[in-house]
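Student: here is the input, now give the coordinates:
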Amino acid sequence: MTGSAPRTLAEDLRARGDDALAALLRARPDLLSPVPNDLTQLATRAATRASVVRALERLDRFTLQTTEALAVMPDGGPYAVLRALMTGDAADKATDAALPRAVECLREQGLVWGGDDRLRLVRTARDLLAPSASVPSPTGLGPSVAEATSGMSPARLQEILADVGLPATHDPMSAVAALADLFRDRKRMKKLLGGAPEGATGALGKLAWGPPYGEVADAIAPVRAATATTPVQWLLARGLLLPAGQHNVVLPREAALHLRAGRAHRVVEPAAPALTPVEHSPQAVDGTAAGQAFSAVQTVEELLKAWETGGPPVMRAGGVSVRDLKRVATALDVSEALAAFWLELAYAAGLLASDGELDEAYAPTPASDDWLRLPAQERWTVLATAWLAATRTPGLVGTRDAKGRALSALGPDLDRSLAPEVRRRVLGLLATLPEGASAAPAELLDRLRWDRPLRGGAGTDALRAELLRWTVTEAELLGLTGRGALAGHARSLLGPAPAVPRRRNASGTAGTPTTAGTSTTTTTSAAPASVPAGVTTPAEAAAAAASAANRLAPLLPQPLDHVLLQADLTAVAPGPLEAPLAEMIGVLADIESKGGATVYRFTPESVRRALDAGRTAADLHTFLAERSRTPVPQPLSYLIDDVARKHGRLRVGVAAAYLRCDDDTLLSELLADRRAHGLGLRRLAPTVLAAQTAPDTLLERLRAMGFAPAAESADGDVVITRADAVRTPRRAAPTPVTDGPPAPNGTLLGAAVKAIRAGDHASTAVHRESVPAHTGNGGLPRTAAAETLATMQAAVLTGDSLWIGYVNADGAASQRVIGPVRVEGGFVTAYDHTADEVRTFALHRITGVSELADDPA
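Tutor: Residues are numbered from 1 along each chain as shown. Predicted structure coming up:
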């Protein structure tokens, strides 16, 4: 194709370099599912409706406006026509500066091909964006004169020419061309409209910016200028309005552009809306965010501990019931909406899941134990990374779906594929501001709308506005932002901004021209603000998480190894506690209040809980003496000894249930207690009572009566209850429900481009003219076995490459270009240009062989 313009998108792609093909596949990853066999298949796939719609939805507003202008200009028109549609008659420096970038972006994504002298929009995009009778153009323009007069009689066309003062023509095509030229001529149109009656220009003005169709009361009939009595008839006689039905008229595109001063859009937006930074101290922002990050980690820890011995049941429709959600909110001392957020966050991080049992319930996963052993900063990165990628949307909890069913926390139908994109983009926009600066949510929403204007209409725009509001709130809760500004550790977690292509003129290099007579090469520059920061590989994600943890660690409070015991049976933790200390004190005492310092209260029930967990009174005294910076108060020592003295005197086992106690007086006292009448107690021996109540119920009732019973096994040993007894089977974190394939990494792109090039080389290889007589179905060469063997052996001696047809073990036929190296034992060893590697082919599976006209080597 050297020296000539491309005739198809496939030819245009064939002339591009590997970097350009990689950029196309990176921008449109759906083209890689699966990897195309060659460039023709890639071009065909790039022009399918689904792929084109997806590509259009990912354009910014100005690039989309450029595409809409291309759809209403003649196919194959020059860059100058596009520029005129975008800038109009008045000069617009901002549009002039941004237009080459937009055209190059469309070229890179395979939506536009050809040089600046002949810009071609792919047919599918033109069909989607060009005006039609049923679907108006986004520009508000109507059909061209040629389209609007396609069913008009030649005689009527000549009458219109005569009424506008144009000479008659010999055929309808030239008549249409003359009328269109008149409407494009500013001076002649100004003169023509200058003689219009009152009301005619007003009627045109109503249709100028769309919609271009209007309705008239009377049936439309052909009318001449001499007999026109109304403004509409005057316009119809001169073709400024054309019939579009019995009672409908349409404003031709060329006339509308004159009324618009040549502009395809009323308002062109070449630049993204600016964000007004609100300055804060970076140190204050980082400190505030770090405090929120630590609170987030602590909240998730509390949630896991609350469900350690078993969480709520899974509803039949899935999710947590409203009653159980209220209990979680009470336990965490937050609102129900925030409780749903923390539940969904722990679920997205793989720390909570259903146990999969017959009576299904939620519980912590084994991964939660690993998470709890991590340092606080690393626990935070796990939560933040999960939140960034999650498609589940906690803000929807409590709302209703299309069928009127309430959406529950951890339930189905909470996935929204737009959520991770909005989160990344909002944080990416904040990352473009100076450190410590925030922006108003309204400005962020305007920017999101400019970045992605096509996202499913009003319903999707309303969801995007809600997602933005939830993102701002959740990012603050999670400690990614502080005072609305992006924290330093969050910048590290997002990773570096990716490079984006930028074109510069370079004479004599291969590339797509940006102006007539010039060509381009690709360089990279810092990403614009509309490109969100992100990472693309697991290694980059791990590095970003480690960097974020390192930046966050110095800002977090250091865990303490002590508490302050007080005489009122409380302990004060003046900061976060080390994990073993926090676990032990959480068993031995109940949390009374939280804040900058946590207050724990010791009660008989909490001490009994520690004894039930296998601790002895001596263990508890030693623990408190070692871990308290103040002397152990005497009331606390008395409390521990008193509970320990009573603990285990009563033993509960299985009969239905029985009680055993060495002190028969205590059993007699229990039998005489009126509160025990409902237990069905009966003495079997001086030291044994039988009960008609289940053991767990019996334990609970006896403890409520003030006793301190202990459960025992069939062997008579005390059963020790452990707080971490309930765990689900090993579960993976939920997979985000995305609206398309993920962005490919560099390794995949390189391999895909290599495979496509090799396959294209094989499919376009030129073979000898004698072959067509011997080709079979599908264009595969067909030769006799003896001829195939002789040709292979000759190619080994001469070093020539051959074109072969090959059928693999699955029966799939393909064309290949190979360079034979050795032929023996019914196999040929050859370099496969298609796969770019040495392979062995069975001779009996080769359908035929042909020499190439030009050796690809």
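Student: can you give me the helices in the stretch 551-700 of the chain?
Tutor: 579-588, 604-612, 617-627, 634-646, 664-672, 695-704 (DSSP state H, counting those that start in this stretch).
Student: need those in TSV (columns: mean neighbour count, mean pLDDT and distance to Gln233).
Tutor: Bear in mind the C-beta positions are built from the backbone N, C-alpha and C, glycine included. Compiled in TSV, the helices of the stretch 551-700 of the chain are given as follows (neighbours: other Cβ atoms under 10 Å; pLDDT from 0 to 100; distance: least, Cβ to Cβ, whole Å):
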stretch	mean neighbour count	mean pLDDT	distance to Gln233
helix 579-588	18	87	88
helix 604-612	20	89	94
helix 617-627	16	92	98
helix 634-646	16	91	102
helix 664-672	14	84	107
helix 695-704	17	83	93
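Student: between those, which one is closest to Thr747.
Tutor: Minimum separation from Thr747 across these (Cβ to Cβ) falls at helix 579-588, 39.2 Å.
Student: Gly805: which of the helices of the stretch 551-700 of the chain is closest?
Tutor: Gly805 lies closest, by Cβ to Cβ, to one member of the helices of the stretch 551-700 of the chain: helix 579-588, at 66.9 Å.
Student: name the surrounding residues that touch that closest one.
Tutor: 305, 372-373, 559-563, 571, 573, 576-577, 600, 602, 606-607, 609-610, 613, 615, 620, 623, 627, 723 (Cβ atoms under 8 Å, 6 or more residues apart in numbering).
Student: are any of these buried, and which?
Tutor: Among the contacts of helix 579-588, those scoring as buried are 305, 372, 560, 562-563, 571, 573, 576-577, 600, 602, 606-607, 609-610, 615, 620, 623, 627 (criterion: 16 or more other Cβ atoms under 10 Å).
Student: give the buried residues for the longest strand that the chain contains.
Tutor: Looking across the chain with DSSP state E, the single longest strand is strand 813-824. Neighbour-count burial for strand 813-824, counted by 16+ other Cβ under 10 Å, picks out 814-820, 823.
Student: and it, how far out from the chain middle?
Tutor: The chain centroid and the centroid of strand 813-824 are separated by 44 Å under Cα atoms, centre = their mean, to the nearest Å.
Student: who touches it?
Tutor: Residues outside strand 813-824 that contact it (Cβ under 8 Å, 6+ apart): 761-763, 765, 778-780, 789, 792-793, 795-796, 799-808, 828-834, 838-839, 841, 843, 847, 852, 856-857.
Student: need the residues that contact the following helix or strand past it.
Tutor: Moving toward the C-terminus from strand 813-824, the next helix or strand (DSSP states H and E) is strand 827-832. Contacts to strand 827-832, defined as Cβ under 8 Å, 6+ apart, come from residues 792, 816-823, 837-843, 846.
Student: hmm, try it at 10 Å
Tutor: 758, 762, 788-789, 792-793, 795-796, 801-802, 804, 806, 816-823, 837-846, 849, 857 (Cβ atoms under 10 Å, 6 or more residues apart in numbering).
Student: what lines up beside the following helix or strand past it in the sheet?
Tutor: Scanning forward in sequence from strand 827-832 by DSSP H and E, the next helix or strand is strand 837-842. When sheet partners are counted by DSSP bridges, strand 837-842 sits next to strand 827-832 (antiparallel).
Student: tell me the mean pLDDT over stretch 341-350?
Tutor: The pLDDT scores in stretch 341-350 average 96.
Student: now do stretch 398-412
Tutor: Average pLDDT, stretch 398-412: 91.
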